[in-house]
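Undergrad: missing the sequence, but the structure's below:
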Ligand code: PEP
Ligand code: MG
């Protein structure tokens, strides 16, 4: 009997399309027997436990070494969290105490203690801490294997190119995936911020997570389509679905090859108006993708990721090395290092920041830094020291008004004074900018412009604050409208204020990477657009296909319109005229998305 095609919707965490056979990876907990032991067995059990901890430590150090070679030191450091679990005195003492009290074999006692730990972590309402329970599970599995002597199944020896399906994947499973054989993965649980998702993106393996119980429904060897762009998995695809996905994959490849020709060209319109097209990064290793996609520099380096996934604060030296490395790699282009933007949806568990009712309106970014000068100054010192490369700029996030900006500049001046006193070299002329991402900053941009060298508009936040629409709440996602007339007016106001004050103005929010919106932004007169690295070729293509006078006219027209829909229609119309190939690709994706929705609801 022929099985029917079925599609499942999850969370897209790493883009790309993979078509292939499924490899079911059993990542479930191993069952451990419960065996009573005698008083005399206790020292032997404790010694076995210690040996297993040492062996596991050796294994993890080995994994770290492999990852440093395969990826880089930064990724390898993710496993510091695993090492910390192994060295956790409280955990080790609890195991020994229970061993002595309950007198059962050590693997059983260890598993019970770990279960308790994981339960506590998974109940905490904090994405980061929740994810830590998967680190603990990962380490404990290794310890158990070392105690029982069973060998752990791994993913490096797949018989052919396959898509891995699992209930969950640990960061170590993912990091060691052999890219040639694992062409994608799907998991039942997971989130965009998990280490596993971060690894998948870095390794450029398409991935969909959060698929509920899919791994238990799949059969080893059956064919699936993994659509990492839309977060969809299609099981037993029909001939026509397969054909259309293969066609899409082919079209994307052909189109990307065409775009690749633009790599070394500038973002210049047909009539010679040139802007800077740069890219956003989260970690130094993202530079590879920035260069590969032909971006001219880094318009936003989100440094808060540097503080995450660790239990201590980065040292001045660590900051310095990271900034220096990025600056060296993007030379002769610039890198804009944004100072710590903690809060909102980005937390550090170990800093004990109190929980807030409205974290996006709370103690975040520059507000936090101006109170925690100990943390802020370390970063400023490092940025200044790295600025001797002459291609580093510094930028403050979440500036809401003049007082804050003046205060931040004063702290910077103090830090410069300290460095001068110590005889430490830095670039005294380092350009300093402010992100304009709060309506109050946009409305007072003329005042702020007198105190900085540039602005960068952060639309991700500017849209949520001006429209009162939480940027991470999927329920009201339809109200999050970049083309809303209010948003465009604020952007126009910021550009005019900047140019009036003779400073340049860019945009590093996601809006800059939207092909239709980019036409309006170009016409409004932005001097720089900074997008995700993969969006750069498309945006460059659009800019090179249009006359500046035409987009200026478009900008004038849309500013007089009253609805986001009308504005979008106008921009898409122009996009269709100047880049029909690109619009076809986007339309096909939208069509497929609609068709999938119909199939699901029908
Ligand atoms: C923004 O708000 O547009 C921005 C670029 O910053 P982030 O997304 O990091 O808040
Ligand atoms: Mg922001």
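TA: Sure, I can see it. Since the model is a prediction, treat every value here as computed from it, not as a measurement. Ligands and ions are numbered 1, 2, ... in the order given.
Undergrad: is it correct that residue 20 is in contact with residue 185?
TA: No. Between residue 20 and residue 185 there is no contact, the gap being 10.9 Å when judged by C-beta atoms under 8 Å. (Each C-beta comes from the backbone N, C-alpha and C, glycine too.)
Undergrad: what do these two both touch?
TA: Taking C-beta atoms under 8 Å, 6 or more residues apart in numbering as the contact definition, residue 20 and residue 185 share the neighbouring residues residue 163.
Undergrad: which of the two has more residues huddled nearby?
TA: For the pair residue 20 and residue 185, the greater number of neighbours falls to residue 185 (31 against 17), based on other C-beta atoms under 10 Å.
Undergrad: check for me that residue 12 belongs to a helix.
TA: No. With DSSP: H, G, I helix; E, B strand; the rest coil as the criterion, residue 12 is assigned strand and is not in a helix.
Undergrad: ok, it - contacts?
TA: If a contact means C-beta under 8 Å, 6+ apart, then residue 12 has 207-208, 227-232 as its contacts.
Undergrad: please repeat the previous calculation with a cut-off of 6 Å.
TA: Shown here is residue 12, whose contacts under the criterion C-beta atoms under 6 Å, 6 or more residues apart in numbering are 208, 228, 231.
Undergrad: give me the distance from stretch 526-545 to the chain's centre.
TA: Taking C-alpha atoms, centre = their mean, to the nearest Å, one finds stretch 526-545 lying 19 Å from the centre of the chain it belongs to.
Undergrad: average pLDDT across that stretch?
TA: Summarised as a single mean, pLDDT over stretch 526-545 is 93.
Undergrad: same check on stretch 265-277?
TA: 97.
Undergrad: what residues sit buried inside that stretch?
TA: By 16 or more other C-beta atoms under 10 Å, the buried positions in stretch 265-277 come out as 267, 269, 273, 275-277.
Undergrad: including secondary structure and distance to ligand 2, could those residues go into JSON lines?
TA: Output for the buried residues of stretch 265-277, formatted as JSON lines (DSSP: H, G, I helix; E, B strand; the rest coil; distance: C-beta to the ion, whole Å):
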{"residue": "267", "secondary structure": "strand", "distance to ligand 2": "23"}
{"residue": "269", "secondary structure": "coil", "distance to ligand 2": "28"}
{"residue": "273", "secondary structure": "coil", "distance to ligand 2": "28"}
{"residue": "275", "secondary structure": "strand", "distance to ligand 2": "21"}
{"residue": "276", "secondary structure": "strand", "distance to ligand 2": "20"}
{"residue": "277", "secondary structure": "strand", "distance to ligand 2": "20"}
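Undergrad: can you narrow the residues you listed to ones near ligand 1?
TA: The subset of the buried residues of stretch 265-277 lying close to ligand 1, counting by C-beta under 6 Å from any ligand atom, is empty.
Undergrad: among those, which two are most distant?
TA: Looking at the buried residues of stretch 265-277 by C-beta to C-beta, the two members farthest from one another are 269 and 276, with 13.4 Å of separation.
Undergrad: could you chop the chain up by domain?
TA: Segmentation of the chain into domains, based on automatic domain parsing, reads 6-26+154-237, 39-148, 245-273+434-602, 303-430.
Undergrad: closest to residue 337 out of the buried residues of stretch 265-277?
TA: Out of the buried residues of stretch 265-277, the one with the shortest distance to residue 337 is residue 276. That distance is 16.1 Å, counting by C-beta to C-beta.
Undergrad: distance of that closest one from residue 379?
TA: 24 Å (C-beta to C-beta, to the nearest Å).
Undergrad: which one of the residues in the stretch 301-450 of the chain is closest to ligand 1?
TA: Relative to ligand 1, the nearest point of the stretch 301-450 of the chain is residue 437 (4.5 Å; C-beta to the nearest ligand atom).
Undergrad: so what's that residue up against?
TA: Applying C-beta under 6 Å, 6+ apart, one finds that residue 437 lies in contact with 458, 461-462.
Undergrad: try 7 Å
TA: Residues in contact with residue 437 (C-beta atoms under 7 Å, 6 or more residues apart in numbering) are 398, 458, 461-462.
Undergrad: what's stretch 46-66 in contact with?
TA: Under the contact criterion C-beta under 7 Å, 6+ apart, stretch 46-66 has outside partners 76, 79, 82-83, 86, 95-96, 99, 106, 110, 139, 142-143, 146-147, 172, 175-176.
Undergrad: buried residues in that stretch?
TA: Of all the residues in stretch 46-66, those buried under the rule 16+ other C-beta under 10 Å are 46, 48-49, 52-53, 56-57, 59-60, 63-64.
Undergrad: can you put those in CSV and add secondary structure and pLDDT?
TA: Shown next, in CSV, are the buried residues of stretch 46-66 (DSSP: H, G, I helix; E, B strand; the rest coil; pLDDT from 0 to 100):
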residue, secondary structure, pLDDT
46, helix, 90
48, helix, 89
49, helix, 90
52, helix, 88
53, helix, 90
56, helix, 87
57, helix, 88
59, helix, 81
60, helix, 83
63, helix, 77
64, helix, 78
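Undergrad: which among these are in contact with ligand 2?
TA: If you filter the buried residues of stretch 46-66 for contact with ligand 2, counting by C-beta under 5 Å from the ion, you are left with nothing.
Undergrad: kindly indicate which of the residues you listed lies nearest ligand 2.
TA: Compare each of those with ligand 2 using C-beta to the ion and the shortest gap goes to residue 64, at 32.4 Å.
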